[in-house]
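Peer 1: here's my sequence, what's the structure:
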Amino acid sequence: MGDSINFITSRSQKALKDSHADDKTLWRSLAKGNNLAFSSLYNRYANLLFNYGMNICYDREVVKDCIQELFTWLWTKRNSLTDVNSVKYYLFKSFRNILVKSINKSRKFTDEPTDTFLGSDLTIEEKIIESDESYSNKSKIKSALRKVSKRQREILILRFFHGMDYTEISSMMGISVASAHNLLSKSLKLMKVKI
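Peer 2: Numbering: from 1, shown residues only. Okay, the predicted model is just below:
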């Protein structure tokens, strides 16, 4: 069969279409050449990666190109993929590396977060705000998020929007776990002051 996509039984197709199919199952299926698993991972993570990327780089096309590059690389290397502890972390870390490399070439940084991608109705700020109903004034929180540094905004987004743990955050941002704790703590304190 060579490089062609493996035949999938209707039973495995149903499991992969299920929105609750876990990332590791999709990852293993992708490694076997399953295009449905590939599509499922893309659909699950493209918007999240885009929103995350737009907090690092203001150029929508660069961010979209980096997402495309990541998923093209995954499909090309699917036969050599090994198991990972966290597919989400792996995708975010790989995407960040591709994006930073691209940014370093073009030097297009921003301090302004972006709003949406491909039909996503809420900005990252709005999603963070909605996840914590104890805050009553959304505009103050949005404003405060815009006033913190890129690194502070990035750690807040990784921790509270994407649910990453300190080990994953420290690896993604290239800092120690203790530094991640300190940066998040300082970011939260600064957010409270700015609100």
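
Peer 1: now the element after the lowest-mean-pLDDT helix or strand in the chain, going C-ward?
Peer 2: Lowest by mean pLDDT, DSSP states H and E among the helices and strands of the chain is helix 10-17, with a mean of 46. Using DSSP states H and E, the helix or strand that follows helix 10-17 in sequence is helix 23-31.

Peer 1: where exactly do the strands run in this protein?
Peer 2: With DSSP state E as the criterion, the chain has no strands.

Peer 1: quick one: low-confidence ranges for this protein?
Peer 2: Within the chain, the ranges that satisfy pLDDT under 70 run 1-21, 107-139.

Peer 1: and it, what are its domain boundaries?
Peer 2: Taking the TED database as the reference, the chain has its domains at 22-115, 143-194.

Peer 1: and those as a markdown table, adding mean neighbour count?
Peer 2: The C-beta positions use only the backbone N, C-alpha and C, and glycine is treated the same way. Output for these, formatted as a markdown table (neighbours: other C-beta atoms under 10 Å):
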| stretch | mean neighbour count |
| --- | --- |
| domain 22-115 | 17 |
| domain 143-194 | 17 |
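
Peer 1: which ones are touching T167?
Peer 2: Contacts for T167 (C-beta atoms under 8 Å, 6 or more residues apart in numbering) come out as V177.

Peer 1: what about it, distance to K105?
Peer 2: 29 Å (C-beta to C-beta, to the nearest Å).

Peer 1: over to E168?
Peer 2: For E168, the distance to K105 - C-beta to C-beta - is 26 Å.

Peer 1: and for K93?
Peer 2: Taking C-beta to C-beta, one finds K93 at 19 Å from K105.

Peer 1: likewise for S179?
Peer 2: 27 Å.

Peer 1: repeat for R44
Peer 2: 28 Å.

Peer 1: please name the residues that touch the spatially most central residue of the chain.
Peer 2: In the chain, the centroid-proximal residue (C-alpha atoms, centre = their mean) is L49; its distance is 3.6 Å. Listed by C-beta under 8 Å, 6+ apart, the contact set of L49 reads 67, 70, 91-92, 95.

Peer 1: may I ask which two of these are separated the most?
Peer 2: I67 and F92 (11.3 Å; C-beta to C-beta).

Peer 1: now do the helices in the protein.
Peer 2: With helices called from DSSP state H, the chain shows them at 10-17, 23-31, 35-54, 60-76, 87-106, 124-131, 138-147, 150-156, 166-173, 177-194.

Peer 1: so what does the shortest one touch, helix or strand wise?
Peer 2: Spelled out, it's helix 150-156. When contacts are defined as 3 or more C-beta pairs under 8 Å, 6 or more residues apart in numbering; DSSP states H and E, helix 150-156 packs onto helix 166-173, helix 177-194.

Peer 1: how far off centre is stretch 145-163?
Peer 2: 12 Å (C-alpha atoms, centre = their mean, to the nearest Å).

Peer 1: also stretch 155-164?
Peer 2: With C-alpha atoms, centre = their mean, you get 9 Å for stretch 155-164.

Peer 1: what is the end-to-end distance of that stretch?
Peer 2: Length of stretch 155-164, first residue to last, C-alpha to C-alpha, to the nearest Å: 9 Å.
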